[in-house]
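Colleague: Kindly generate the corresponding structure for this input.
(one chain, ligands or ions: 2)
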Amino acid sequence: MLSVSDALSRLLSNFSSVGMESVSLKEAAGRVLSEEIHSTIDLPLFTNSSMDGFALRAEDVEEANPANPITLTIVEDIPAGKGPEIEISKYQAARIMTGAPIPDGADAVIPIEDTDQYDPISRVDPALPKKINVHRSVKTGDYVRRRGEDVAIDEVVLKSQSRLRPQDLGLLAMLGIPEIPVYRLPRIVILSTGDELVPVEEQLQFGKIHDSNAYTLSALIFRDGGLPVYLGIVPDQEQAVRDFLVKALENNADLILSSAGVSVGAFDFVRSVVQSDGNLDFWKVNMRPGKPLAFGDYQGVPFIGLPGNPVSAFVGYEVFVRPAIMRLAGLRDALRDRTKVKLTEDIISDGRESYLRAIVTIENGEAVARLTGHQGSGNLLSLVQANSLLILPAGSKSLSTGSYVDAWLLDDA
Ligand code: AMP
Ligand code: MG
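Modeller: Numbers count the residues shown, from 1 in each chain. Ligands and ions are numbered 1, 2, ... in the order given. Predicted coordinates for the structure are as follows:
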């Protein structure tokens, strides 16, 4: 049987980024940049004050101290947003607010708190004073933000193939870039198969269950940079399976993702239909949970068939689908980091590469793992209560308390 790593590299060799498009900055949150971004301006664009105070010449106040203040004549008022008009000469100053341009002649700012204009109760007197007393010296450049000190023109400010974070959007706005080159969102068409499934809105008759995989998978796809397109529940009939696969093509799927119907049950038609109408590369992987996991293509569109059990579908997604979607989305290959964790109990395995639900906490500075509840692959609560998957390597059948295993910490994706 195929090992997880062989299956993964076989599968991933079929995935590369889908096309590009341009979106407005308003819609760009979380999208993946398809080109690096160069700054076309300096930031700040003009030298400005970092404090509310007075722009002056540092040399004029060199000798200032509280006992011997130096008096300066105010020649202009410069609120934020206004261009200064008067050059500052010897023993002159301009009242200036944070973010306002430094006038010619001035080379420093004295904060209002260090002058006789500071009133801690009413704070700033809105009337422009004719003269001020400065209570301390400043150095050239004090409280001045120089043009280009943050970003220089032509500098690469954002790399491609990364998702745009909130602060990235802020920088793009500062640079005046309203249209952003991004990868198109890959369309991941989801099919839930099985006669026992009913939509969450409907009441359950005996023997039926709600389709939960569609919800888990949609949210995972969205998290990983894809666009989930849910086509609904596919009955366990060969023709119905075929019709839904055709519908997936009509929906411009970049990847068809089904759950259930790929095992050896009498009504598992998904695998056989893909095999007859398309190509099946593999349908079994040496892992637990999630051994029946199919990969191939349906008329040229990649197809991944996850197992039906909710935990198996989740694990299969994490192992195979997440990296595939990240490639389609244009993201740099980034396998999840593994963290070494210490076991607090003995664990028996069957020799397959195993993914076990656990809660990892830090105790005495060390990451320790406890399994959550019953590990049956249909038991979703044990996954809900977990924050990690422990990864037991293939070949290991038992691990004892105190030994170390790799874990994926799921909650800080
Ligand atoms: P199968 O792979 O069709 O043998 O299904 C394996 C198990 O997963 C069965 O218990 C199914 O009822 C269950 N199952 C299949 N699809 C879903 C789904 N979409 N949501 C929740 N459970 C499912
Ligand atoms: Mg079934």
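Colleague: Give me the phi and psi angles of Leu409.
Modeller: Dihedral pair for Leu409: phi -90, psi 110, per degrees, to the nearest 10.
Colleague: quick one: contacts for it?
Modeller: Asp337, Thr339, Val360, Asn387, Ser388 (C-beta atoms under 8 Å, 6 or more residues apart in numbering). Placement of C-beta: from N, CA and C, glycine included.
Colleague: now, which of the residues you listed sits nearest ligand 2?
Modeller: Of all the contacts of Leu409, ligand 2 sits closest to Ser388, with 28.7 Å by C-beta to the ion.
Colleague: Across the sheet, point out what pairs with the closest one.
Modeller: Ala358, Leu409 (DSSP bridges).
Colleague: Check Thr115 too.
Modeller: Val134.
Colleague: What are the neighbouring residues in contact with it?
Modeller: Shown in contact with Thr115 (C-beta under 8 Å, 6+ apart): Gly53, Phe54, Ile132, Asn133, Val134, His135.
Colleague: thinking again about what came up before, type out the ChimeraX command that picks the buried ones from the contacts of Leu409.
Modeller: Command for ChimeraX that selects the buried part of the contacts of Leu409, burial taken from 16 or more other C-beta atoms under 10 Å:
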select :360,387,388
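Colleague: would Leu8 count as being in a strand?
Modeller: No - applying DSSP: H, G, I helix; E, B strand; the rest coil, one finds Leu8 to be helix, outside a strand.
Colleague: now it: how far from Gly278?
Modeller: Taking C-beta to C-beta, to the nearest Å as the measure, Leu8 falls 20 Å from Gly278.
Colleague: Could you do Arg242 as well?
Modeller: The gap separating Arg242 from Gly278 is 11 Å, by C-beta to C-beta.
Colleague: ranges for the strands of the stretch 251-400 of the chain?
Modeller: Assigned by DSSP state E, counting those that start in this stretch, the stretch 251-400 of the chain shows strands spanning 255-259, 279-284, 287-288, 292-298, 301-306, 339-343, 347-348, 353-363, 366-371, 388-392, 398-399.
Colleague: Select, out of these, the one closest to ligand 2.
Modeller: strand 255-259 (9.3 Å).
Colleague: That closest one pairs with which strands?
Modeller: Each strand paired with strand 255-259, and its direction, by DSSP bridges: strand 187-193 (parallel), strand 301-306 (parallel).
Colleague: what's the farthest-apart pair in the contacts of Thr115?
Modeller: Gly53 and Asn133 (13.2 Å; C-beta to C-beta).
Colleague: Look at the two and report which has more neighbours.
Modeller: Neighbour totals were compared for Gly53 and Asn133, and Gly53 leads with 28 against 16 (other C-beta atoms under 10 Å).
Colleague: so what's the more buried one closest to, chain neighbours aside?
Modeller: For Gly53, ignoring the flanking residues on the chain, the nearest one in space by C-beta to C-beta, 6 or more residues apart in numbering is Pro111 at 4.3 Å.
Colleague: Next up, the contacts around the one you found.
Modeller: Met51, Asp52, Gly53, Tyr143.
Colleague: which two from those residues end up farthest apart in space?
Modeller: Asp52 and Tyr143 (9.6 Å).
Colleague: Let me see the backbone angles for Phe244.
Modeller: Main-chain torsions, Phe244, degrees, to the nearest 10: phi -70, psi -40.
Colleague: how about it, what does it touch?
Modeller: Leu191, Thr193, Leu231, Gly232, Val234.
Colleague: Verify the contact between the last one and Asp195 for me.
Modeller: No - with contact defined as C-beta atoms under 8 Å, Val234 does not count as touching Asp195 (9.4 Å).
Colleague: Between these two, which has more neighbouring residues?
Modeller: Using other C-beta under 10 Å, the more surrounded residue of Val234 and Asp195 is Val234, with 25 against 14.
Colleague: Strands - which of the contacts of Pro111 land there?
Modeller: Among the contacts of Pro111, the residues falling in strands (DSSP state E) are Gly53.
Colleague: Any chance of a PyMOL selection covering the buried ones in the contacts of Pro111?
Modeller: In PyMOL, this line selects whichever of those come out buried by 16+ other C-beta under 10 Å:
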select buried, resi 51+52+53+143
